[in-house]
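[1] pasting a predicted model and its sequence here:
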Amino acid sequence: MPQLFLANRGSATGLIDESTALPSSADVIILDSRLSERQLRDSVIPHHSRDNNGATPGYARATTGSISTAETLYWTDIGGTPIASTSQGALRRIAHSKLDDSRVRLALCTNLPGFLRHLSFWEGINTVKPGSTLTYHNGRPQVLDQAVATDHPNLDLPEAAELLLAELTRSIERRILSYGTLSADVSGGMDSTSLAYVLDSLQKDSIYYHAGTDDPHNRDSQYARRAASELHGDFTELESLTATAGAFSEFDQNIQGLDDGPLAWAGNSKHLRLLLIDASQRGVKAHLTGVGGDELFDPLPATALDLLTTSSWKAGLRIIRRLGKMQRWSTLAVARAVGSNVNFETEMLRRVEAPAGNIVGPAEAFSWAPGFGISKFATAETREVVAEKAKDALRQGAGPHHKDRFRHQMTEAVMFQGEIVRQVNHAYEHLGVAWEAPYLDDAVFRLVLSLPTDILIGTRDNKPLLARATEPVAPRWLFTREDKGEYSSDLFTEYKKRRHDLSRLFDESYLVDMGHINADAVRDALSMPVVSTDELFEIEQLAGVERWVRTIQ
């Protein structure tokens, strides 16, 4: 739930009044470094009380955001008083902040990296680095960096799996203690379904949800129903994801809390609303999702790069050769990409200065920021603004999360999923069901980051670490399937249906009027009856930013 933090005692006076619209659940905590631990316990725990605006005053000296960004901290300064919150919306309403034009331009980039993605959409509102602690010192906010992961311990697969199951179990037990009966996704895929088996081992009256797809080649529903026959709780099938798809539709009118940026999950908004409403009507207070599992347990191309530096270098070479054959890359191009020692800063500068857009081929797959590029729909002015924002961030010390590209890529992917979890919880807070992602918990994420890379590969099972970890509670058949659910066909189907609606949307485009995108380039793209997957994703992103700006304005 969104929280609002005030910087020192008495600072709420004149800042929060009857006209200030805040989330009803916002806890107001006063950051004050003068408080001792005893004062902290005495003042916070026994004396919480609600004011007329539904906020809960209290005292604290520091607060920490999650590494995954599922809970992110922001702060601003009003009349010399620093105020922090877990919601950009709470701060922008108090500070009456304007939309940051340059941040909207950044949102048009494909696969925007974290050092730019984490910037606030509102002028004068600052983002605290993910996983860092915000405290109050000498009258000003102070950010204390936290280590993302420890050094890699020399664990073998059984030891690592035991630790992972213990962390997942603690994560779910904590939520049962906080929320009572939980519901959970059973997609039929490995991540959510294995999580459901862990939940089932702890709570027999859970509620499980599944939504399939109309794609005849997708077999996830078969696996979901098989799992449902083994789980003890109630199993509910919702309307198919194909029927509820909304990537190119108007925003769901039930969504609230849109201030944190365009919705990367807009296409699933109707499905999520139906699920959360049903869960709420059954008395559920929290729903478990498998978001983050692919990012933690699926090998990336960059996984092979890290393996080359270990005793498992032969496995790394096999992955690289197999990927090269699948993508039909030349051996020379692959060798150059694998051997590249281009650092983070140099690559970022190349990407924002490249006239042709994204880097392609193996150089892309093994890079620091796969897919990052300025939108092909961007105007010359937008290109200049994006390039300058990137250069400015790099001058201020922006860099990779880790020294190796594999763990950096994993962290970026996890943080993107955390953003989705954060947005969903803000958007549907009024329904009273928290959307929880145990794989994104700091303890789980830190553990996986700390493990030897070869633990993630090397067995016949898919996702060997997750398979071994959940072996005591989940069936082996879940990890031996030869296919994986593919959902992009639903997006292509919806695009074909709504292509002409999209053309009308951009006939009177805010982004065009603001000088952010080239109208002719958009019209040309929408006139094509057939588009590639990458082109489709970029059009989806563009439509999402357009609709978000319209709603905010």
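    Perfect, thanks for sending it. Residues are numbered from 1 along each chain as shown.

[2] assign the residue nearest to Q423 when sequence neighbours are not counted to helix, strand or coil.
    Spatial nearest neighbour of Q423, chain neighbours left out: D260 (5.6 Å); criterion: CB to CB, 6 or more residues apart in numbering. For every residue, glycine as well, the C-beta is placed using N, CA and C. Of the three states, D260 takes coil under DSSP: H, G, I helix; E, B strand; the rest coil.

[3] let me see the contact set for D260.
    Residues counted as contacts of D260 (CB atoms under 8 Å, 6 or more residues apart in numbering) are S87, Q88, G89, F121, E419, R422, Q423, H426.

[4] quick one: pLDDT of it?
    We have a pLDDT of 89 for D260.

[5] and it, how far is that from A247?
    19 Å (CB to CB, to the nearest Å).

[6] also L177?
    For L177, the distance to A247 equals 37 Å [CB to CB].

[7] more neighbours: which of these two?
    The residue with more neighbours, out of L177 and A247, is A247; 22 against 8, by other CB atoms under 10 Å.

[8] leaving out sequence neighbours, find the closest residue to the more buried one.
    G267 (3.3 Å).

[9] which of the three states applies to the one you found?
    Per three-state DSSP, the local secondary structure of G267 is helix.

[10] spatially central residue in the protein, please.
    The centre of the chain sits closest to Q417, judged by CA atoms, centre = their mean, with a distance of 2.0 Å.

[11] ok, it - contacts?
    Counted by CB under 8 Å, 6+ apart, Q417 has contacts S68, V291, G292, E295, A437, L440.

[12] let me know the pLDDT of A356.
    Confidence score, pLDDT, at A356: 49.

[13] about what we covered before: the residue nearest to A247 and T493: what is the separation?
    Counting by CB to CB - G267 and T493 are separated by 11 Å.

[14] among those two, which residue is more densely surrounded?
    G267 (21 against 15).

[15] next up, the contacts around that one.
    G267 sits in contact with A245, G246, A247, L491, E494, E540, where contact means CB under 8 Å, 6+ apart.

[16] take those residues and keep only those in helices.
    Using DSSP state H, L491, E494, E540 are the members of the contacts of G267 that sit in helices.

[17] got a PyMOL select line for the buried ones in the residues you listed?
    Remark: buried members of the ones in helices among the contacts of G267, expressed as a PyMOL selection using 16 or more other CB atoms under 10 Å:
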select buried, resi 491+494+540
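
[18] what is the nearest of the ones in helices among the contacts of G267 to G114?
    Closest to G114 out of the ones in helices among the contacts of G267 is E540 (20.6 Å), distances taken as CB to CB.

[19] what residues are up against that closest one?
    Taking CB under 8 Å, 6+ apart, we find E540 in contact with A247, F248, G267, L491, Y495.

[20] I'd like the distance between the last one and P216.
    Same thing as Y495. From Y495 to P216 the distance is 19 Å (CB to CB).

[21] ok, the two, which is more surrounded?
    More crowded of Y495 and P216, by other CB under 10 Å: Y495, with 20 against 7.

[22] which one of the ones in helices among the contacts of G267 is nearest L323?
    Nearest member of the ones in helices among the contacts of G267 to L323, counting by CB to CB, is L491, at 24.3 Å.

[23] can you get me a residue count around L478?
    Neighbour count of L478, defined by other CB under 10 Å: 22.
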